[in-house]
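Peer 1: what follows is a predicted protein model with its sequence.
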Amino acid sequence: MSGIENKSWDKLTALIRNSRSILLSTHINSDGDGLGSEIAFYYYLKGLDKDCRIINSTSLPYTYKVIDPDSLVEKYSADMEQWFGQVDLTIVFDIGDHKRIGTMGNLVYGNCNVVSIDHHPARENHPYTLNIVDASSPATGYMIWKYFQHISFTDGKLPIVI
């Protein structure tokens, strides 16, 4: 499975199962890999009836609006802080360095479980509860696809394990 042990995917599944409000995010000045990963994961989590939002520190670049036809990607603002207080799981995609989440890091690191899914190794002393890295993966989006395969979510139907 592309360098990731099944137990890491199983830990992620357990964290999702035990969470209600989930924040998805990627790095400042997001790119197609981070955005595509968070959008795919959003639809999966909504299918599980999770309270879920995609909030990034910077606006969705115009060139990527085509992959967000439902306008799911929000730009962080201070008026969202009440919702952040309800978040019990944050999943960050493709950020490499945990500081690349921007000021939102102050609201999530240390306040909820944080999972990083990335094909870039994390810096030392990261604040993640679970750090899933596959440096041999061509993209984080590929890793998301491998997770969906692991939980048998490849045909658009919700997995039985959740």
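Peer 2: Alright, I've got the coordinates.
Peer 1: residue 140 and residue 92: what is the separation?
Peer 2: 10 Å (Cβ to Cβ, to the nearest Å). For every residue, glycine as well, the C-beta is placed using N, CA and C.
Peer 1: what touches both of those two?
Peer 2: Common neighbours of residue 140 and residue 92 (criterion: Cβ atoms under 8 Å, 6 or more residues apart in numbering): 117, 118.
Peer 1: helices or strands up against the helix or strand where residue 24 lies?
Peer 2: With elements taken from DSSP states H and E, the one containing residue 24 is strand 21-26. Applying 3 or more Cβ pairs under 8 Å, 6 or more residues apart in numbering; DSSP states H and E, we find strand 21-26 packed against helix 32-47, strand 51-56, strand 89-93.
Peer 1: show me what residue 56 is bridged to.
Peer 2: Bridge pairing for residue 56 (DSSP bridges) gives the partners residue 75.
Peer 1: that one: what's it in contact with?
Peer 2: 25, 26, 28, 30, 73, 74, 75, 76 are the contacts of residue 56 under Cβ under 8 Å, 6+ apart.
Peer 1: please, where are all the helices along this structure?
Peer 2: 6-17, 32-47, 81-84, 105-108, 140-150 (DSSP state H).
Peer 1: packing partners for the first one?
Peer 2: So the one you mean is helix 6-17. Helix 6-17 packs on strand 113-118, strand 130-133, helix 140-150, going by 3+ Cβ pairs under 8 Å, 6+ apart.
Peer 1: shaky segments in this structure?
Peer 2: 1-3, 154-162 (pLDDT under 70).
Peer 1: 80 - rerun?
Peer 2: 1-4, 122-123, 154-162 (pLDDT under 80).
Peer 1: residue nearest the centroid of it?
Peer 2: residue 91 (3.4 Å; Cα atoms, centre = their mean).
Peer 1: now residue 73. Nearest residue, chain neighbours left out?
Peer 2: In space, and not counting its chain neighbours, residue 73 is closest to residue 60: 4.5 Å by Cβ to Cβ, 6 or more residues apart in numbering.
Peer 1: let me see the contact set for residue 143.
Peer 2: Contacts for residue 143 (Cβ under 8 Å, 6+ apart) come out as 2, 4, 37, 117, 118, 119, 132, 134, 137.
Peer 1: and residue 69, how many neighbours does it have?
Peer 2: 8 (other Cβ atoms under 10 Å).
Peer 1: that older thread, could the C-alpha coordinates of the strand holding residue 24 be exported in CSV?
Peer 2: The C-alpha trace of strand 21-26 is given here as CSV (Å, rounded to 0.1, in the frame of the first residue of the first chain):
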residue,chain,number,x,y,z
SER,A,21,-16.9,18.5,13.7
ILE,A,22,-14.0,18.2,11.3
LEU,A,23,-11.9,21.0,9.8
LEU,A,24,-10.1,20.3,6.6
SER,A,25,-7.3,22.6,5.4
THR,A,26,-4.1,22.9,3.3
